[in-house]
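>>> using only what follows, build the 3D model:
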Amino acid sequence: MQADNRQARMARLALPQRTPLGMIGVPPLAALPVMPPRAPAIMGNKALRDLAAAFDAFGIADGATLSFHHHYRNGDRLINAVLEEAARRGLRGLTIAPSSLFPVHAPLVAHIRNGVIGDVITDYAKGPVADALLSGALRGPALLQSHGGRARALSTGQLRVDVAFIGASLARADGACTGRGGALPSGPLGYAMVDAACARSTVVCAHEITNDPLPHIDIPAAHVDAIVPFSDPGAVEGIASDTTLPAQTPQALRIGALVTQVIAAAGLMQNGLSLQTGAGGYSLAAIPLIGEAMAQAGVRGSFISGGITGAHVALQQAGLFDRIHDVQCFDGAAVASSITNPQHHAMSAADYASPLNPAAIVDELSVMLLGAVEIDRAFNVNVTLGGDGRLIGGPGGHPDAAQGAQITIVTSGLVAGGYAKLVDHARCVTTPGACIDVLVTDAGLAVNHAQPDLRDRLIAAGLPVLSFEALHAEAARGATRSRSTPAQSPRLFIEDRAGGLLDWG
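Sure thing, here's the model as predicted:
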């Protein structure tokens, strides 16, 4: 039923304009050349004594572009250490391209204000650095990309990284490394895989360096130019966060139950089902309920994907899904599974969501469950700006998976933090409404007006389908606070999967 829907979404990939950073002038996707593979690194012992030696070895100078990854999430220590070394050397005007930024990266604010950091390209930002970006403290522009968009920009050379710094739990002296082993495992290094394959030079900063064979190889030695001993590249307790924990409330259970009914009524509760859930308490809370419904119906899915939690692992281990495709782990149970489970497969960000990948995992999804900070009458979704006007995230994989899935379901309460979540106009369009099919709240469902057949099927199944206007009115009645107008920096931009600029409301 939804195959035509997927094709229509793919056809809507924007023909991008030139982005404000001036380094991504994007022609139509069909015309984008993928860069040839980087030259293999010289093999042998690549050990350097410390980060300072890496700066010397690769001539990191003013204006360089440095990339990082976020598999340790709010436990990451590497970005702060690298930028501290840059500041010590008096470097200025660096472009940093981390896949995400978290509160733990607060020390970067000083480097933004004093000019060590000139531009920022990232997929997600939360905490003091996010506040600095929105306030206009950055001297150059800041660009928020989707995960698939970042992989696209790296693989085409539109984002040229001089040195990629990769924090690994375990590595060999020849540079091969993994996050699936050692004392501080983070899980598969899915985002770092693309950086290492495309950067001019790659430096692995490893907690442990061994001469023994690795239990897994996330990044091959041929993509690594140097290895640096670096104690504690990340704290594993920082991997799980508020957005990666399932909600445990009656409201969440009600939403989860409705989600399973929507999947069944849409005709997708059948063998071969593929599923992804985004970060967000309600989406994650629906996972075990979907599993129960699958077990009762005798359904076995093909794969479950994305950022992986223990709840996803439990479904696969119960025999409800054949395999797991994992770009990053969201908790310790997922990390443990990634090390020991042969059906738990690592995937790169390009495998996951690049629009240049003809078999991207997001384009093979039956069902995508997403959260929302705001959703408006046109079903545009904001997961970037909070009700208080602060920058609290970014595209991440939200628009990538919404576009690729056969059916995309947004799960949300009507009110959070006193702010109505259903609004007339989203202040920031992270994911366009054309990619959203159903909104599920504890008060009922609303179906995108562009999906009348789906709406009829849900009504025929006896589901509580309401108009968006009815749910909007109830949200307004429950709100106790008015949205704050963000002090948006004119130099902060959001880019979609194909490289087109998304709208601020």
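
>>> mind listing what's buried in stretch 205-218?
Judged by neighbour count (16 or more other CB atoms under 10 Å), stretch 205-218 contains these buried residues: Cys205, Ala206, His207, Ile209, Leu214, His216, Ile217, Asp218. (C-beta placed from N, C-alpha, C; glycine too.)

>>> so, low pLDDT: which residues of this structure?
Filtered on pLDDT under 70, the chain yields the residue ranges 1-36, 241-247, 280, 486-490, 503-505.

>>> residues contacting the residue nearest the centre of it?
Closest residue to the average C-alpha location of the chain: Gly396 at 3.2 Å, with CA atoms, centre = their mean. Residues near Gly396 by CB atoms under 8 Å, 6 or more residues apart in numbering: Ser100, Asp123, Tyr124, Ser146, His147, Gly278, Ala279, Val383.

>>> for the residue nearest to it when sequence neighbours are not counted, give its distance to Ala226.
Residue nearest to Gly396 in three dimensions, not counting chain neighbours: Tyr124, with 4.9 Å by CB to CB, 6 or more residues apart in numbering. To Ala226, Tyr124 is 28 Å away according to CB to CB, to the nearest Å.

>>> neighbour count winner among these two?
A direct count of neighbours by other CB atoms under 10 Å for Tyr124 and Ala226 places Tyr124 higher, at 28 against 19.

>>> surely that one touches Gly393?
Yes. Counting by CB atoms under 8 Å, Tyr124 does reach Gly393; the two are 5.3 Å apart.

>>> contacting residues around Ala226?
So Ala226 contacts Lys46, Ala47, Leu48, Ala54, Ala57, Phe58, Gly175, Ser201, Thr202, Val203, Val204 (CB under 8 Å, 6+ apart).

>>> now with 10 Å?
Shown in contact with Ala226 (CB atoms under 10 Å, 6 or more residues apart in numbering): 41, 46-48, 53-54, 57-58, 163, 175, 201-205.

>>> strands of the stretch 51-200 of the chain, start to end?
65-68, 94-98, 117-122, 142-144, 163-172, 177-178 (DSSP state E, counting those that start in this stretch).

>>> tell me the most buried of those?
strand 177-178 (a mean of 30; mean count of other CB atoms under 10 Å).

>>> for Pro358, give its distance to Ala350.
Distance, Pro358 to Ala350, using CB to CB: 11 Å.

>>> which one's more surrounded, the two?
Higher neighbour count among Pro358 and Ala350: Ala350, with 26 against 7, using other CB under 10 Å.

>>> my read is that the more buried one contacts Gly149, right?
No. Judged on CB atoms under 10 Å, Ala350 makes no contact with Gly149 at a distance of 11.1 Å.

>>> you'd agree Pro288 is in a strand?
No. Using DSSP: H, G, I helix; E, B strand; the rest coil, the secondary structure at Pro288 is helix, not a strand.

>>> okay, and the closest residue to it other than its chain neighbours sits in which element?
Nearest non-adjacent residue to Pro288, counting by CB to CB, 6+ apart: Ala311, 5.9 Å away. If you go by DSSP states H and E, Ala311 is part of helix 310-317.

>>> list the buried residues for that helix?
Gly310, Ala311, His312, Val313, Leu315, Gln316.

>>> distance of the fifth one relative to Leu370?
For Leu315, the distance to Leu370 (CB to CB) stands at 18 Å.

>>> quick revisit: what's the residue nearest to Pro288 in contact with, if anything?
Ala311 touches 246, 277, 284-288, 290-291, 304, 330-331, 333-334, counting by CB under 10 Å, 6+ apart.

>>> among the residues you listed, which ones are in helices?
When these are checked against helices (DSSP state H), the matches are Leu284, Ala285, Ala286, Ile287, Pro288, Ile290, Gly291, Ala333, Ala334.

>>> how many other residues sit next to the fifth one?
Yep, that's Pro288 we're talking about. 16.

>>> quick revisit: among the strands of the stretch 51-200 of the chain, which is nearest His449?
Closest approach to His449 among the strands of the stretch 51-200 of the chain (CB to CB): strand 142-144, 28.1 Å.

>>> helices or strands up against that closest one?
When contacts are defined as 3 or more CB pairs under 10 Å, 6 or more residues apart in numbering; DSSP states H and E, strand 142-144 sits against strand 117-122, helix 128-135, helix 147-156, strand 492-494.

>>> now distance to Ala197 too, for these, in JSON lines please.
Compiled in JSON lines, these are given as follows (distance: least, CB to CB, whole Å):
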{"stretch": "strand 117-122", "distance to Ala197": "17"}
{"stretch": "helix 128-135", "distance to Ala197": "26"}
{"stretch": "helix 147-156", "distance to Ala197": "8"}
{"stretch": "strand 492-494", "distance to Ala197": "25"}
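
>>> okay, the ones you listed, which one's buried deepest?
helix 147-156 (a mean of 29).

>>> so what's the gap between that helix and the chain middle?
Relative to its chain's centre, helix 147-156 lies at 12 Å (CA atoms, centre = their mean, to the nearest Å).

>>> angle of that helix against strand 94-98?
Counting by axes from the mean of the first three to the mean of the last three CA atoms, to 10 degrees, helix 147-156 lies at 130 degrees to strand 94-98.

>>> now the angle from helix 147-156 to strand 117-122?
Computed by the same axes, to 10 degrees, the angle between helix 147-156 and strand 117-122 is 120 degrees.

>>> give me the packing partners of helix 147-156, helices and strands only.
strand 94-98, strand 117-122, strand 142-144, helix 190-198, strand 321-329, helix 349-353, helix 398-404.

>>> could I get the second one in PDB with only the CA atoms?
Meaning strand 117-122. C-alpha atoms of strand 117-122 as PDB (Å, rounded to 0.1, in the frame of the first residue of the first chain):
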ATOM      1  CA  ILE A 117      36.600  27.500  16.400                       C
ATOM      2  CA  GLY A 118      35.400  29.500  13.400                       C
ATOM      3  CA  ASP A 119      32.700  27.200  11.800                       C
ATOM      4  CA  VAL A 120      30.700  24.300  13.100                       C
ATOM      5  CA  ILE A 121      29.200  21.500  11.000                       C
ATOM      6  CA  THR A 122      27.200  18.900  13.100                       C
END
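
>>> still on that earlier bit, which of the ones in helices among the contacts of Ala311 sits closest to Thr260?
Ile290 (5.3 Å).

>>> excluding chain neighbours, what is closest to the closest one?
Ile290 sits nearest to Thr260 (CB to CB, 6+ apart), 5.3 Å away.

>>> which parts of the stretch 1-150 of the chain are helices?
3-11, 51-57, 78-88, 108-113, 128-135, 147-156 (DSSP state H, counting those that start in this stretch).

>>> tell me the secondary structure at Gly306.
Note that with three-state DSSP, the state of Gly306 is strand.

>>> was I right about it contacting Ala401?
Yes. Contact criterion CB under 10 Å: Gly306 and Ala401 qualify, at 7.2 Å.

>>> between those two, who's got more neighbours?
Between Gly306 and Ala401, counting by other CB under 10 Å, Ala401 is the more crowded of the two (32 against 28).

>>> tell me who's in contact with the more buried one.
Listed by CB under 10 Å, 6+ apart, the contact partners of Ala401 are 146-148, 276-278, 305-306, 352-353, 360-363, 365, 367-370, 408, 431, 435, 497.

>>> again, but for Ser283
243, 246-247, 252, 255-256, 259, 276-277, 368-372, 409-412, 440.

>>> try it again at 8 Å.
Ser283 sits in contact with Thr277, Leu369, Leu370, Gly371, Thr411, where contact means CB under 8 Å, 6+ apart.

>>> same question, Val362
Val362 is in contact with Gly148, Gln276, Ser305, Tyr352, Ala353, Met368, Gly397, Asp400, Ala401, Gln403, Gly404, Ala405, counting by CB under 8 Å, 6+ apart.
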